[in-house]
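> Okay, here's the prediction I keep looking at, along with the sequence it came from:
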Amino acid sequence: MSVFKQKKYAKLILLIMLICLPLILSSPKVMPVSAAENEEDIPITILNYHKIDNMNIALSVLPEDFDRQMAYLKENGYNTINTDQLYDYMVNGAELPENPILITFDDGYEDNYQNAYPILKKYGFTGTIFVITDFVSNQPNYLTWEQIKEMKANGMDFQSHTASHKSMTELTEDQLKEELTKSKQTLDAQLNQDTKFMAYPTGTYNLYIAKLVNEAGYKGAFTIKYGNVDRASNIYALERVPIFHTENTFLSFYERMHYIPVFERLGWYKS
């Protein structure tokens with residue numbers, strides 16, 4: 001998309017937002033968390049990244065773009081949470097900090113340590129990385145256990161992305177159980193933790209797979225389906241907001257954070 005078209009698109013969005021302002025202001029679901037202190041249930045944005053590097057592909061957000069996005073979150077009063085806090089909020093009714101946001105990364109690429117981690121620390125943020133456990137310390141360009149343990153000691157959260165990242169809808173029952181249990185057992189042993197969450201590889205899952213996830217000892221699972229999470233969400237099919245590299249990555253990030261949730265609520269956008 002050209003710069004001219006981007007500006008034209010942004011102006012169109014702004015015009016629509018202004019027209020719909022009375023409706024938006026009357027809807028508690030789209031108010032900022034800070035303005036909805038009396039609301040029992042609040043929407044939680046869960047950002048979904050993959051790579052933070054200089055590759056010119058959709059899954060690779062440039063480090064400078066990631067820095068700008070984190071700066072925006074910091075300047076606007078967002079506070080990062082981890083998967084334990086999310087679970088305690090959804091299941092046990094625990095309180096969350098003002099403007100909670102969960103920042104997640106799929107696959108466990110080494111650039112998460114080299115590029116994303118220093119930027120998160122710069123802004124006092126933490127994140128959750130869903131790692132492919134067979135790849136850790138075994139595949140080039142993926143994290144090592146030493147890097148993971150260093151990050152965990154400094155507040156980063158590590159959960160499962162299965163053992164080998166196979167599409168789960170293409171596996172037998174025995175293969176599914178192996179992928180789920182092996183990954184959890186490896187993380188539990190390496191990090192001395194009870195791994196509670198996993199993210200579905202490629203986002204593929206069904207109700208039977210979700211049942212096996214539960215039976216393997218996980219308390220919840222993340223999809224790549226677009227949307228915010230609240231207490232009404234299916235804890236084994238949690239929505240996220242995917243962030244990609246685009247011609248204007250920050251504009252795309254901003255729209256996904258603000259405009260698209262409003263359009264989705266109004267029925268103008270379907271993920």
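Received it, and whenever you're ready, just let me know what you need. Residues are numbered from 1 along each chain as shown.

> got any ranges where the stretch 1-150 of the chain has weak pLDDT?
The model of the stretch 1-150 of the chain has pLDDT under 70 over residues 1-40.

> Any idea how far the longest helix along the chain is from the middle of the chain?
For the chain, the longest helix by residue count, based on DSSP state H, is helix 173-191. How far helix 173-191 lies from its chain's middle: 21 Å, per C-alpha atoms, centre = their mean, to the nearest Å.

> same check, this time on stretch 44-60
Relative to the chain's own centre, stretch 44-60 is displaced by 10 Å; criterion: C-alpha atoms, centre = their mean.

> got it, and stretch 114-121?
16 Å.

> Alpha carbons of it, in PDB - could you do that?
Written as PDB, here are the backbone C-alpha positions of stretch 114-121 (Å, rounded to 0.1, in the frame of the first residue of the first chain):
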ATOM      1  CA  GLN A 114      19.000 -11.000  21.400                       C
ATOM      2  CA  ASN A 115      16.500  -8.300  20.400                       C
ATOM      3  CA  ALA A 116      13.100  -8.500  22.100                       C
ATOM      4  CA  TYR A 117      14.300  -9.200  25.600                       C
ATOM      5  CA  PRO A 118      16.500  -6.100  25.900                       C
ATOM      6  CA  ILE A 119      13.700  -3.900  24.600                       C
ATOM      7  CA  LEU A 120      11.200  -5.400  27.100                       C
ATOM      8  CA  LYS A 121      13.700  -4.800  30.000                       C
END
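
> And the next helix or strand past the host helix or strand of I103?
Element membership of I103, judged by DSSP states H and E, is strand 100-107. Downstream of strand 100-107, the first helix or strand assigned by DSSP H and E is helix 111.

> re the thing from before, how about the longest helix of the chain: buried residues?
Using 16 or more other C-beta atoms under 10 Å as the test for burial, helix 173-191 gives 176, 178-187, 190. (C-beta placed from N, C-alpha, C; glycine too.)
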